[in-house]
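*Asks:* make a model of this:
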Amino acid sequence: MKAISAKAMGVLRQLRGPDTADAVFEATALIVGTVFLLVGFAVAFPVFWGRELAISGPGSIGVFAAIGGAVTAILAFAAGRFAVRPGEIDPTAVRDGFSVPGDRLRWYDLAAIAFAHAAIAYLGWIGIAELLERSFTGAPVFAFPGAVLVAVAFALTAYVSFLSSVALTPVVLSLVLAVFLVVGAFAAMLASSDVDWWRDNLSALGMSSNSASLAFNLTLIIAGIMVTTIARYATAGLPAAAPQDRRGRTVVRGGLILMGIFLACVGVFPVDEFFLVHNSVATGMVVVFAVVVVGLPWFLPTIPKVFVAFGWAFVLVIVLLAVFFATGYYNLTAVELIAAVLIFSWIIVFLRTAGSVVSVDGLEPVRP
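*Replies:* Presented below is the predicted three-dimensional model:
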């Protein structure tokens, strides 16, 4: 058995080419994609044999590709995290952006991130199938081309998920978070049983009487876990040479973690069942955001002044939106949507800005 395994690894090394970290991961991603291409065709062709399939809807190739794509995304993501273990390829290469001294991603962090990839794959292929259905109205899909299309969907999902996994950094994760929130929110809006949900507020999508409640609330819970993960690791490299720097970094990290917890609680406590708790955590998230942004020049003196002004402008816009709502000019849904976009845009830009700030003593990022 060991001899067979050794031969298989030898073949893979030859296929992958030069034994450098980037070359290995890129070539391995292609191999993983090819494997899922073959598996997808082998599974789909017997299932589709003798049938004329619709592009979207129940029993269609779109649904098949979406469900299979979600499973593929999880498996490929897991394979990527296995491949990125330190010391396997080049001990001197720092590929895993989440590896910090004495700490690594927890299992629940990885589970949340993997689920986000699966959700993006599922909803993405469903959306593409719906678009194609409207472009080719009434067109049937036969077994062979249908199986090929599904196989390509599996391969593409595996390739992207694997590369996302091995190159996972706070910045990459922030982009995954943004895409996940957008896709999850639009899916909930499209699946809503109440076409007039927007007349009330954004939280109406999470009400138990709404068919979209599970998708909406689960999106918020998973996103909240991802924000806490981003907070821990994005602040790991911030300057901490002096006690004041360490305190400031702890405050910023704690604020971001608290925002993630509050965001998850918004999904855990639907507004129609836990009105007071829901509104309290939603308001608390905005308040914590404002405190972190306004106090940033004192918490992190090395942060660029341009970014500080950028954050203050966001806070002023949110305050202006609240005034518009209080005067009846905007409804609550518009205020919540714009505020959410501003908050998560700030988080994404903060991650990039924090990554450019080096320790004042010129050393490697310090232990969080």
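*Asks:* what ranges do the strands span in the stretch 201-350 of the chain?
*Replies:* With DSSP state E, counting those that start in this stretch as the definition, the stretch 201-350 of the chain shows no strands.
*Asks:* same question for the helix or strand harbouring residue 73, mean pLDDT?
*Replies:* Using DSSP states H and E, the element containing residue 73 is helix 61-83. The pLDDT scores in helix 61-83 average 89.
*Asks:* likewise stretch 260-278?
*Replies:* Here the average pLDDT along stretch 260-278 is 84.
*Asks:* check which residues of the helix holding residue 73 are buried.
*Replies:* 61-66, 68-70, 72-77, 79-81, 83 (16 or more other CB atoms under 10 Å). For every residue, glycine as well, the C-beta is placed using N, CA and C.
*Asks:* what's near enough to touch residue 78?
*Replies:* When contacts are counted by CB atoms under 8 Å, 6 or more residues apart in numbering, residue 78 touches 114, 165.
*Asks:* what about it, distance to residue 32?
*Replies:* The gap separating residue 78 from residue 32 is 11 Å, by CB to CB, to the nearest Å.
*Asks:* also residue 155?
*Replies:* Note on residue 155: its distance to residue 32, by CB to CB, is 9 Å.
*Asks:* cool, and residue 341?
*Replies:* 34 Å.
*Asks:* for residue 215, give its distance to residue 114.
*Replies:* 17 Å.
*Asks:* same question but for residue 125, I mixed them up
*Replies:* 17 Å.
*Asks:* which of those two has more neighbours?
*Replies:* residue 125 (26 against 21; other CB atoms under 10 Å).
*Asks:* is the more buried one within a helix or a strand, and which one?
*Replies:* Residue 125 belongs to helix 107-135 when assigned by DSSP H and E.
*Asks:* now the helix or strand that comes right after that helix, how far from the chain's geometric center?
*Replies:* Next helix or strand after helix 107-135 toward the C-terminus (DSSP H and E): helix 143-166. Mean-position distance between helix 143-166 and its chain equals 19 Å (CA atoms, centre = their mean, to the nearest Å).
*Asks:* sorry, back to before: settle it for me: which of residue 341 and residue 32 has more neighbours?
*Replies:* The residue with more neighbours, out of residue 341 and residue 32, is residue 32; 22 against 14, by other CB under 10 Å.
*Asks:* OK, contacts around that one?
*Replies:* 76, 79, 158-159, 162 are the contacts of residue 32 under CB under 8 Å, 6+ apart.
*Asks:* for those residues, give me TSV that also has distance to residue 119.
*Replies:* Formatted as TSV, the contacts of residue 32 follow (distance: CB to CB, whole Å):
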residue	distance to residue 119
76	14
79	19
158	16
159	18
162	17
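*Asks:* among the residues you listed, which one sits closest to residue 283?
*Replies:* Taking CB to CB as the measure, residue 283 lies nearest residue 76 of those, at 39.0 Å.
*Asks:* any idea how far that closest one is from residue 163?
*Replies:* For residue 76 relative to residue 163 (CB to CB), the value is 9 Å.
*Asks:* does residue 235 touch residue 350 like I think?
*Replies:* No: with contact defined as CB atoms under 8 Å, residue 235 does not reach residue 350; the gap is 9.5 Å.
*Asks:* what's the mean pLDDT across stretch 214-224?
*Replies:* 83.
*Asks:* list the contacts of that stretch.
*Replies:* 112, 115-116, 119, 177, 180-181, 184-185, 187-188, 191, 205-206, 210, 260-268, 270.
*Asks:* immediately after the helix or strand bottoming out on mean pLDDT in the chain, which helix or strand?
*Replies:* In the chain, no helix or strand scores lower on mean pLDDT, DSSP states H and E than helix 2-16, which sits at a mean of 48. Next helix or strand after helix 2-16 toward the C-terminus (DSSP H and E): helix 21-48.
*Asks:* orientation of that next one relative to helix 143-166 in degrees?
*Replies:* Between helix 21-48 and helix 143-166, the angle comes out at 150 degrees (axes from the mean of the first three to the mean of the last three CA atoms, to 10 degrees).
*Asks:* kindly indicate whether residue 58 is helix, strand or coil.
*Replies:* Residue 58 carries the three-state label coil when classified by DSSP: H, G, I helix; E, B strand; the rest coil.
*Asks:* count of neighbours near it?
*Replies:* That count, for residue 58 with other CB under 10 Å as the rule, works out to 7.
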